[in-house]
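Participant: Please work out how this folds:
(one chain, ligands or ions: 3)
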Amino acid sequence: MASVEPLKPNPPRKQPSLSRRLGGIFILAVALAIGVAWVAAVGYLFVNQRDATLDALRTDAGMLSTNAGAAFRFGGRTAVEETLGSLSRNPAVRWAFITRGDVVLASFGPAPNGAPTWDAQISPGSDHDFQVSLLGLRQKVEFDGRTQGWLYMEADLGPSNLRFLLMALLTFSFALLIVALALRVFQGRLRSIVTPILALTDLARKVTSSGDMSLRTDVTGYREVSRLGEDFNRMLVALERRSVSVQQELEDRRRIESHVEHLASYDHVTHLPNRHYFRNRLDLAVDKANRASEQMALLLIDLDNFKSVNVDLGHYAGDKLLEEVARRLSALLQSGDVICRIGGDEFAIILENLDIRGQAGQLAGRIITALQAPFMLEGNKTQVTASVGIACAPRDTTDSLTLVRFADAAMYRAKELGKNRWEQFSAEMRPKGRRPLEIKSQIRLGIQQAQFVLHFQPQFELATGRVIGAESLMRWQHPERGLLSPSHFIEVAEESGLIVPLGDLLLNQLCRQIKEWRAEGVPLPRISFNVSGRQFAQSGFMDRVLEILKDTGCPAGALEIELTESTLLMPGTDLVRTLETLNSRGLAIAVDDFGTGFSSITYLKHLPIDKLKVDKRFVDDIAENPNDLAIARAIVALGKSLQLDVVAEGVETLEQGKLLREIGCPSMQGYLMSRPLPAAKFAEFCNAHPELRQAGT
Ligand code: C2E
Ligand code: CA
Ligand code: CA
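Facilitator: Numbers count the residues shown, from 1 in each chain. Ligands and ions are numbered 1, 2, ... in the order given. All right, here's what the predicted structure looks like:
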């Protein structure tokens, strides 16, 4: 599954706000436009005003020079002065004078201090000169076409400048006012654009932090912005739907998982852990006792006359009795002791860390006494007794299966000796059989002499009957005892570690066989091989498998590895890496004896698993025991939810097959369809199945 990278937060840096930036740009543009217009207008008016003043002065000067010319001619100096006196009508004219040569003939107004000498100021090609607040004008005085002298006039521009300045200030303030007003209007508009965007940002942040996909935004504002809001809401709706369905799926899965775990580990009559739980718990306890050199004890308790209660009072009363027995037994235990119901009327107690000699025997005595008290069933007083067998590890054995056999032997000895008593295992109760040492050396010889062979058991799709796979199972062609199934030797092979070379040998054999069959054109389904915990835990296991594949040239895609649940739960193995490597090469992975583990099955989700094999024990009683049917049903549901293939093992009867098909189990394996076949028979079987040829294997 692709993982989603978490979004990295933006680095903390000051980012400009959109509305500020836009406001700034807007103000700059408006101010620039109005400023340019204002400068142009004011400049134009200024020049215009000066020109008007100059024109008025020129008109006055024109009239004056004509009059003054006549006055020169006929009236003399006094007449000229009178003519100048008419200037008093123009308030702007401060000073005027008429010269002839260097002599001033007449003047008007007082000569200002430090006033410019206009003759020098006005350039030869012009008739006037502007200064900051003064205007000087020069006009020739003529009569009859002859020059009589020069008229100089000086106008004061101060008052008109002042008026102009006032006007400029006024218009400038007005322009500012317009800019401010425009900004206000613009910001109002901008806010109505930016606010919904900010609301969207806020919402996105809330959704991210709270994970609440039910939040929505108001769809308001301008068309583009409201469309953005609509799309955002639509996206949230889609996300919400997805998250609801993902949540639902996870919940379903969790429910199914805990259901399977519970069903697989508890007995529904007494509510005690069942035999599956017991087996695993015992392995752990024996393991711990071996490692810590502590003693642990196993007590097997069998009710002596339970069958007669069932027959006389019926199954309901039988169940009530078992419930009460479970209650009395549990009351005798201390914390840390484990009690399980392992069979119809059989209970097992695991006592760990025994510090007092005879502690197990004392408890057995108390059990016998506690069960002797009468039971009230359906208004009847009923009496039951029990026989108890005890075996200890590591004192009697270091192997958990042997420990069960020894406790069982002790329990039978108690029955033989008259029931209603307990017995401790002793050497003379050891079941008579072949000695492990002898078997061990025979296995070693068997490996050398290639006495081990593989048989093949096909697996079928329940709905169509098509062959979908096969399991390879080892057999020992014993020179004296004939063909032996693993039950005769596998325990010794495991305990002695001989299972490791034996497993290598068989995998080699399997790969060569597959190569050979393929060369002969035998159409094959994928073939599985069993690997025990001991083999898997050996260092270099994965490398050996890969090496065998390489040496034999058998494609990994033709194989499937079967590992039991307890192997998958084994601590300290490089499980994930090994399985992922094998899986990535094309090897399929099946969980064998599924449903017998008692710890969390969440490992299924973390490992590359393709198939679950429903343990034969659930299939055996599937028609009689509703508990087993419920377990099979739950495993099928779990397989569906995790998209794994599910194969029911050990299907022997039509009724079992029918029930499995009813609960939707996809495939099965068992004597009903085919027993394990020797290699030659299996090749014939495959050749006779056209669907294998179609599958192109
Ligand atoms: P398993 O892996 O659970 O194999 C299924 C067992 O159920 C096989 O027993 C098979 O013959 C048997 N079986 C299949 N269908 C039916 C049926 O309808 N009824 C009954 N009663 N039994 C059925 P088998 O061949 O005796 O093997 C027993 C166990 O020995 C296997 O259990 C497996 O744990 C182990 N084993 C077999 N071959 C190998 C192997 O090559 N390597 C290792 N490490 N273990 C192996
Ligand atoms: Ca198997
Ligand atoms: Ca199995």
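
Participant: Can you list the buried residues in stretch 231-241?
Facilitator: The neighbour-count check on stretch 231-241 (16 or more other C-beta atoms under 10 Å) flags 232-233, 236, 240 as buried. Heads up, the C-betas are built off the backbone N, CA and C, glycines and all.

Participant: Which of the residues you listed fall within helices?
Facilitator: Residues of those located in helices (DSSP state H): 232-233, 236, 240.

Participant: now for those residues, which pair is the farthest apart?
Facilitator: The two members of those with the most space between them (C-beta to C-beta) are Phe232 and Glu240, at 12.6 Å.

Participant: tell me which residues of stretch 549-568 are tucked away?
Facilitator: Neighbour-count burial for stretch 549-568 flags 549, 552, 554-556, 558-568 (criterion: 16+ other C-beta under 10 Å).

Participant: I meant stretch 320-329, not that one.
Facilitator: Buried residues in stretch 320-329, defined by neighbour count with 16+ other C-beta under 10 Å: 320-322, 324-326, 329.

Participant: Over to stretch 613-621?
Facilitator: By 16+ other C-beta under 10 Å, the buried positions in stretch 613-621 come out as 613-615, 617-620.

Participant: Check stretch 288-296 too.
Facilitator: By 16+ other C-beta under 10 Å, the buried positions in stretch 288-296 come out as 289-290, 295-296.

Participant: between those, which is closest to ligand 1?
Facilitator: The closest of the buried residues of stretch 288-296 to ligand 1 turns out to be Asn290 (C-beta to the nearest ligand atom; 21.7 Å).

Participant: Enumerate the residues of the stretch 351-500 of the chain near ligand 3.
Facilitator: For the stretch 351-500 of the chain, no residue is in contact with ligand 3 (C-beta under 5 Å from the ion).

Participant: Residue of the stretch 351-500 of the chain closest to ligand 3, please.
Facilitator: Nearest residue of the stretch 351-500 of the chain to ligand 3 (C-beta to the ion) works out as Glu471 at 8.4 Å.

Participant: in the sheet, who's paired with that residue?
Facilitator: Beta-bridge pairing for Glu471 (DSSP bridges): Gln457, Ser528.

Participant: circling back: ok, of the buried residues of stretch 320-329, which one's closest to Ser209?
Facilitator: Nearest to Ser209 out of the buried residues of stretch 320-329 is Ala326 (C-beta to C-beta; 50.9 Å).

Participant: ok, the closest one - contacts?
Facilitator: If you count contacts by C-beta atoms under 8 Å, 6 or more residues apart in numbering, Ala326 has them with 270-272, 339, 341, 347.

Participant: again, 10 Å this time
Facilitator: When contacts are counted by C-beta atoms under 10 Å, 6 or more residues apart in numbering, Ala326 is found next to 267, 269-272, 339-341, 347.

Participant: Repeat that for Ala106.
Facilitator: Counting by C-beta under 10 Å, 6+ apart, Ala106 touches 68, 71-72, 77-85, 96-99, 149, 151.

Participant: shared neighbours of Phe232 and Glu240, anything?
Facilitator: By the contact definition C-beta under 10 Å, 6+ apart, Phe232 and Glu240 are jointly contacted by 207, 216.

Participant: Just the helices from the stretch 451-600 of the chain, written as ranges.
Facilitator: Along the stretch 451-600 of the chain, the segments classed as helices by DSSP state H, counting those that start in this stretch run 490-496, 499-520, 533-537, 541-552, 565-568, 575-585.

Participant: sorry, back to before: of the ones in helices among the buried residues of stretch 231-241, closest to Val492?
Facilitator: Val492 lies nearest to Glu240 out of these, by C-beta to C-beta, at 60.6 Å.

Participant: now that closest one, nearest residue through space, not along the chain?
Facilitator: Excluding its sequence neighbours, the residue lying closest to Glu240 (C-beta to C-beta, 6 or more residues apart in numbering) is Met213, at 3.7 Å.

Participant: Report the residue spans of the chain with pLDDT below the cut-off.
Facilitator: Along the chain, segments meeting pLDDT under 70 span 1-15, 114-116, 431-434, 572-573, 597-600, 696-697.

Participant: The buried residues of stretch 320-329 in helices, which ones?
Facilitator: Members of these lying in helices (criterion: DSSP H): 320-322, 324-326, 329.

Participant: thinking again about what came up before, quick check on the contacts of Ala326: which are buried?
Facilitator: 267, 269-270, 272, 339-341, 347.

Participant: From Arg291, how far out is Thr552?
Facilitator: 38 Å (C-beta to C-beta, to the nearest Å).

Participant: measure Pro91 to Gly85 for me?
Facilitator: For Pro91 relative to Gly85 (C-beta to C-beta), the value is 14 Å.

Participant: and what of Arg163?
Facilitator: Going from Arg163 to Gly85 by C-beta to C-beta gives 27 Å.
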